[in-house]
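> here are the coordinates; sequence isn't available:
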């Protein structure tokens, strides 16, 4: 009886946690110290952008001409600009603008680029030729010059700068997705899906697109950093955010004549751009090492 009771009682073995490709990728990501540093930087800037109204000690439009070009102090942590506006306030509000342009321009580029890339890679023939030539035309121009031309046509504004950045980056994602679709199209499971009569639309949404997400995620993360730099460049040239919006590139442009007299007016916006771009680059490199099979040992 005792022996039967022993056998009837199951051993106290802890249940094995579920695993999957994304769970495994997250575990590997957490072990990548460089990627985690990048993620922490991004989270920091996202938080200050979201909490800007609660953190900022002043309004970003508030001017005090008697306090113009004041050095950093307890009253103004980052000093003031040539109009007496608090630089700390304008820098943290500038995070909102730069991240907004970065995220949404990349999302627009990914949506349009993925659509054209899938059509070109899956259907081929004249569809592929037409879309590929369109990509070649866009890539024939330096991205910043093409963005300047688009904003010059549409008119200087933050929204038009976002459109321009999204348009110039469409070929990057389109070509990436096209190449991935071409490699997936010849896989055996796609051939089997066609053999059982599965429609093209179902093959695209059930098999092709889900297996194309990895390179899009990696490139999208790196693309946000590029978009932030391009937005800052357009703002520096006066083609992006317009006064009094506190965009980092525009702040650099307004302060360049005071670089010797008041270097803090250039230092803090420039440092913000550098740290934000660094964060996305570090996280993007980490994602590439984790999600790209060719980067694994």
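The structure has been received and is ready for your questions. Computed from a prediction, not measured in an experiment: that's the story for all the values here.
> And the residue most central in space within the chain, what's its pLDDT?
With distances taken as CA atoms, centre = their mean, residue 224 lies nearest the centre of the chain, 2.4 Å away. On the pLDDT scale, residue 224 is placed at 93.
> Residue 13 now?
Residue 13 carries a pLDDT value of 44.
> And residue 198, which helix or strand is it part of?
Under the criterion DSSP states H and E, no helix or strand holds residue 198.
> What backbone torsions are found at it?
Note on residue 198: backbone dihedrals following degrees, to the nearest 10 are phi -70, psi 140.
> now the nearest residue to it once chain neighbours are set aside, what's its secondary structure?
Using CB to CB, 6 or more residues apart in numbering and skipping the chain neighbours, the partner closest in space to residue 198 is residue 206 (7.9 Å). Heads up, the C-betas are built off the backbone N, CA and C, glycines and all. Following DSSP: H, G, I helix; E, B strand; the rest coil, we place residue 206 in the helix state.
> And the pLDDT for residue 206?
76.
> One more: residue 107?
94.
> same check, this time on residue 126
89.
> what does the one helix or strand it maps to contact?
In the assignment (DSSP H and E), residue 126 maps to helix 125-139. Residues from elsewhere that reach helix 125-139 (CB atoms under 8 Å, 6 or more residues apart in numbering): 116-117, 119-121, 146, 167-168, 170-171, 174-175, 178.
> Of all those, the one with the weakest confidence?
Pick the lowest pLDDT in those and you get residue 121, at 85.
> Pull the number of nearby residues for the nearest residue to that residue once chain neighbours are set aside.
Leaving aside its sequence neighbours, residue 121 sits nearest to residue 181 (CB to CB, 6+ apart; 3.0 Å). Applying other CB atoms under 10 Å, we find 24 residues neighbouring residue 181.
> re the thing from before, could you give me the buried positions within the helix holding residue 126?
Within helix 125-139, the residues that count as buried by 16 or more other CB atoms under 10 Å are 128, 131, 132, 135, 138, 139.
> For the fifth one, give its distance to residue 255.
When CB to CB, to the nearest Å is applied, the distance between residue 138 and residue 255 equals 33 Å.
> Please apply the same query to the fourth one.
The span separating residue 135 from residue 255 equals 38 Å under the rule CB to CB.
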